[in-house]
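J.: this one's sequence-less:
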C-alpha cells in the first residue's frame, strides 16, 4: 500500500468516526423528543482500485420498526376512543347518582314517596302537603338536570368533533408540506431524517383523532388512509374535512331530521353508513356519544318522565280529572302529546294549581286538581292512591322502557344501574386498550435511544478515531524520515 493510499484510508476513517460521533450526540440529545428515531451511520468499503480503499459513508438510517409503529398508532386510536366513551358513561353515572347519594334520582324519588306517606297520616297539615309539593318539584328538577347533563354531553361531543376536524386538517397540511420538503432534501442529497421525525410526530397526532395506515411512496413521500379506507393524503394536496357544529344540542336534534350533520369529505357530505370509514379515534367516539349513546340515555329518562306523568294523570288516582288531562305532573303546564315524548324530561313540571307560589292551593294535593273546595280535611284517599301509584308494579307507558311491570323506584334504580354497568364495561375495555397502547409504546421506546448503548458506540468510535489518527501519525513519521534521508 502506498503512503497516499494509507493517508486516504485514514482520512476516510476519521470522517466516518466524526460523522458517527455527531450521530451519537444527536441521539442522546433528542432521546426525549416526540417522534425522534435513533440514527445509525451506514458505512461500506470503498473499492480499492477506484479511490484507494477506505470507508464510505452511504447515509444515515432512521432505526424504526415499521410494523410496531403502525400497530402502536392503531392502539393509540383505540385507547383514545374507549377513553372518551368511558368518560361519558362516568358522567352519566354521576348524573343518575348511586344508591348512597342523597342527590340521586332514586333517593329523591324515595323522599317524594316518604313525603306522601307522611301527608297521608295528616292530610290536614299544610306543612306536610308542602313537603309533598317540594319533593315533587325536587323530583322534576332532578329529572330535568339529568336530561340537561345528557344535552351537555352531546354538545360537548359536538364541539370536540369540530375541534378535532380543525386539528386533523392542520396536521394533514403539515404532513403534505413535510412530504414536499423530504422529497426536495432527498433529491439534493441531504439528510431528511429530522423532517421525517417531524412527519412522524404529526401522524401520531392524527392517530388519536382517527386511526390511519401509512403507505410509502416515491422519493420519501407517504400516503395516508384511514383504517376504514378513506384517503386522507395521496399526492400533494391533502383531503379536506368539514364539519359545522350546531351549537347547543337538544333532545329533539338528530341527523335524521336534519338538525345535526356528519362529516363532509372534500365537499361531499357523508351518509351515516359512510361514517364507518372514520371508525376509531376521538372523532368516532364523539359521534357515537352524540348520535347513539347520549340519545339512548335521553330516551330512557324521557320514558321515566312519561311514566311518572302517566301514573299521576290516571283518573283512577285523581277522580276530578277529565279524560286526557294531566295530573300532578305536566308537560310545561299542559297535557302530554304521546307523539312528543322526546325531551319530556326537560319539560316535566309540577302543575301550577297545586303550588301556592303560582296562585294554586296545597289542598288540591289532598282533594284533586279540579276540586271546587278543600273538602274533608281528614280525607287521605287521594294521597294513598298517590303512594300506590309509585309502589304498584305496572307496565311502563313508554316503549323506551323495558316492558316488564315495575315500581317507579325499581325503574329509577334500573336507570342508575344501567349507567353504572355501562361505565364499568367501558372502563374495562378502556383499561385493556390503554394497557395495550402503553405496552406497544414501551416496546417502541425500547427500540429508541439507549444512552448506555450510545456511550458504548462512542467508545468504539473513539478507538477507531485513535487508530486512524495513529495511521496518519505513522505516515507523517515515515515522510519525515524519508525527507531526512534525502
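T.: Noted; the coordinates are in hand. This structure is a prediction, so every number in the text was calculated from the model and none was measured.

J.: show me the contacts for residue 472.
T.: Taking Cβ atoms under 8 Å, 6 or more residues apart in numbering as the contact definition, residue 472 lies against 7, 10-11, 14. C-beta coordinates here come from the backbone N, C-alpha and C atoms, glycine included.

J.: pick the one among the residues you listed closest to residue 389.
T.: Top of the list for closeness to residue 389, among the contacts of residue 472 and by Cβ to Cβ, is residue 14 at 94.4 Å.

J.: for that closest one, helix, strand, or coil?
T.: When classified by DSSP: H, G, I helix; E, B strand; the rest coil, residue 14 comes out as helix.

J.: can you tell me the closest non-neighbouring residue to it?
T.: residue 468 (4.8 Å; Cβ to Cβ, 6 or more residues apart in numbering).

J.: and that neighbour, what helix or strand is that in?
T.: helix 451-485 (DSSP states H and E).

J.: pLDDT weak spots in the chain?
T.: Scanning the chain for pLDDT under 70 picks out 1, 34-35, 47-52, 58, 486.

J.: all strands for it, in order.
T.: 39-45, 55-62, 212-216, 222-226, 231-233, 241-242, 264-265, 268-269, 329-331, 348-350 (DSSP state E).

J.: and those strands as a markdown table, adding mean neighbour count?
T.: Below are the strands of the chain laid out as a markdown table (neighbours: other Cβ atoms under 10 Å):
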| stretch | mean neighbour count |
| --- | --- |
| strand 39-45 | 15 |
| strand 55-62 | 15 |
| strand 212-216 | 17 |
| strand 222-226 | 20 |
| strand 231-233 | 22 |
| strand 241-242 | 18 |
| strand 264-265 | 17 |
| strand 268-269 | 10 |
| strand 329-331 | 22 |
| strand 348-350 | 23 |
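
J.: quick one, helices of this structure?
T.: With DSSP state H, the ranges of helices along the chain come out as 3-29, 48-51, 66-96, 105-121, 126-187, 193-209, 281-288, 294-312, 344-347, 363-367, 381-391, 408-446, 451-485.

J.: nearest to residue 253, of these?
T.: helix 126-187 (7.9 Å).

J.: how far is the closest one from where the chain is centred?
T.: Taking Cα atoms, centre = their mean, to the nearest Å, the mean C-alpha location of helix 126-187 is offset from the chain mean by 10 Å.

J.: show me this structure divided up by domain.
T.: 3-63+450-485, 71-436 (automatic domain parsing).

J.: you'd agree residue 287 is up against residue 260?
T.: No - shown here, residue 287 and residue 260 do not form a contact pair, counting by Cβ atoms under 8 Å, at 9.7 Å.

J.: same drill for those two, tell me which one is more crowded.
T.: Higher neighbour count among residue 287 and residue 260: residue 287, with 23 against 18, using other Cβ atoms under 10 Å.

J.: give me the distance between the more buried one and residue 161.
T.: Taking Cβ to Cβ, to the nearest Å as the measure, residue 287 falls 7 Å from residue 161.

J.: what do you get for residue 186?
T.: Using Cβ to Cβ, residue 186 is found at 37 Å from residue 161.

J.: which of those two has more residues huddled nearby?
T.: Between residue 186 and residue 161, counted using other Cβ under 10 Å, the more crowded position is residue 161 (24 against 18).

J.: how far away is that one from residue 102?
T.: Here the criterion is Cβ to Cβ. By it, residue 161 lies 36 Å from residue 102.

J.: what residues does the most centrally placed residue in the chain make contact with?
T.: Centroid-nearest residue in the chain, with Cα atoms, centre = their mean: residue 84, separated by 2.9 Å. Residues near residue 84 by Cβ under 8 Å, 6+ apart: 160, 282, 285-286, 289.

J.: from these, which is closest to residue 379?
T.: Taking Cβ to Cβ as the measure, residue 379 lies nearest residue 289 of the contacts of residue 84, at 49.7 Å.

J.: show me what contacts that closest one?
T.: The neighbours of residue 289, taking Cβ under 8 Å, 6+ apart as the test, are 84-85, 88, 153-154, 157.

J.: output the strands of the chain as CSV; include the columns distance to residue 341.
T.: Compiled in CSV, those are given as follows (distance: least, Cβ to Cβ, whole Å):
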stretch, distance to residue 341
strand 39-45, 64
strand 55-62, 59
strand 212-216, 41
strand 222-226, 37
strand 231-233, 41
strand 241-242, 33
strand 264-265, 32
strand 268-269, 29
strand 329-331, 9
strand 348-350, 11
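
J.: much appreciated, bye for now.
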